[in-house]
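S.K.: the sequence isn't on hand, but the structure is:
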Ligand SMILES: [Zn+2]
């Protein structure tokens, strides 16, 4: 599951010419109350027009992403995608949909959690492995930064610094990444330290050899550290 976190760096230079196309929707059943949900599948995608951010968040108009954890719309149980039972898939032709059970036809797509729900999912024990905890805590980090992304000119200091719960979340992200010595892990920890205003620690994360593909991101984050900037920023703005 870790792959999704850092996929933006891998994809950066490999934007393909494939068009975005969807496969059949998968039908999922909640293991608690049997409620039916659906989820899109992707056949092909490309990363053209991607927007990349210093915290690793990225958006791709032609490569939508889907939630790994969600909440059953009926019983409210938090569920990892793999905890659902896959019971089938929607036919490609809309004409065939009339023969399907009503519950399939009316099924809602699984959705991303909100900031508060991610915290609640942790309280309910869904962060039961380091990998799952890291996924949720990075989602929390991104959801907090989402509040800044569109209003970036309004901030001179990272607003999370006044919120101990948010700071603790980011420190936990750093801790969870400590056993990972991949370049992405060092970049991510550098960014987390930078956003916390711990510029010395941030610099130490970047004082090592990086492969060429990472150098531009490393340079841009270093520049922000020198400026003592703590705000999430867009990457690769020429
Ligand atoms: Zn349910």
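M.R.: Okay, I see it. Just so it is clear, the structure is predicted and the values come from calculations on it, not from any experiment. Numbers count the residues shown, from 1 in each chain.
S.K.: CA atoms for contacts and neighbours, from now on please.
M.R.: Fine.
S.K.: what about the strands in this structure?
M.R.: For the chain, the strands defined by DSSP state E cover 21-29, 36-44, 51-52, 58-59, 69-71, 78-80, 85-89, 108-109.
S.K.: looking at those, which is nearest to residue 212?
M.R.: The closest of the strands of the chain to residue 212 is strand 51-52. By CA to CA, the value is 17.3 Å.
S.K.: can I see the domain layout of this protein?
M.R.: Segmentation of the chain into domains, based on automatic domain parsing, reads 21-109, 129-235.
S.K.: residue 116 is nearest to which of those domains?
M.R.: Closest approach to residue 116 among the domains of the chain (CA to CA): domain 129-235, 8.6 Å.
S.K.: now that closest one: average pLDDT?
M.R.: Mean pLDDT, computed over domain 129-235, is 96.
S.K.: ditto for stretch 65-77
M.R.: 96.
S.K.: identify all contacting residues around that stretch.
M.R.: 30, 32-33, 35, 39-40, 78-81, 110-113 (CA atoms under 8 Å, 6 or more residues apart in numbering).
S.K.: same check, this time on stretch 168-181
M.R.: Contact with stretch 168-181 is made by 130, 134, 137-138, 140-141, 185, 188-189, 192, as judged by CA under 8 Å, 6+ apart.
S.K.: that older thread, output the domains of the chain in JSON lines, with mean neighbour count and distance to residue 122 appended to each entry.
M.R.: Shown next, in JSON lines, are the domains of the chain (neighbours: other CA atoms under 10 Å; distance: least, CA to CA, whole Å):
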{"stretch": "domain 21-109", "mean neighbour count": "16", "distance to residue 122": "10"}
{"stretch": "domain 129-235", "mean neighbour count": "17", "distance to residue 122": "8"}
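S.K.: relative to residue 121, which of those is closest?
M.R.: domain 21-109 (6.2 Å).
S.K.: ok now that closest one, how far from the chain's centre?
M.R.: 16 Å (CA atoms, centre = their mean, to the nearest Å).
S.K.: endpoints of that domain, how far apart?
M.R.: One end of domain 21-109 to the other measures 17 Å (CA to CA, to the nearest Å).
S.K.: could you measure from residue 47 over to the ion?
M.R.: Distance, residue 47 to the ion, using CA to the ion, to the nearest Å: 34 Å.
S.K.: give me the phi and psi for that residue.
M.R.: Per-residue torsions, residue 47: phi -110, psi 20 (degrees, to the nearest 10).
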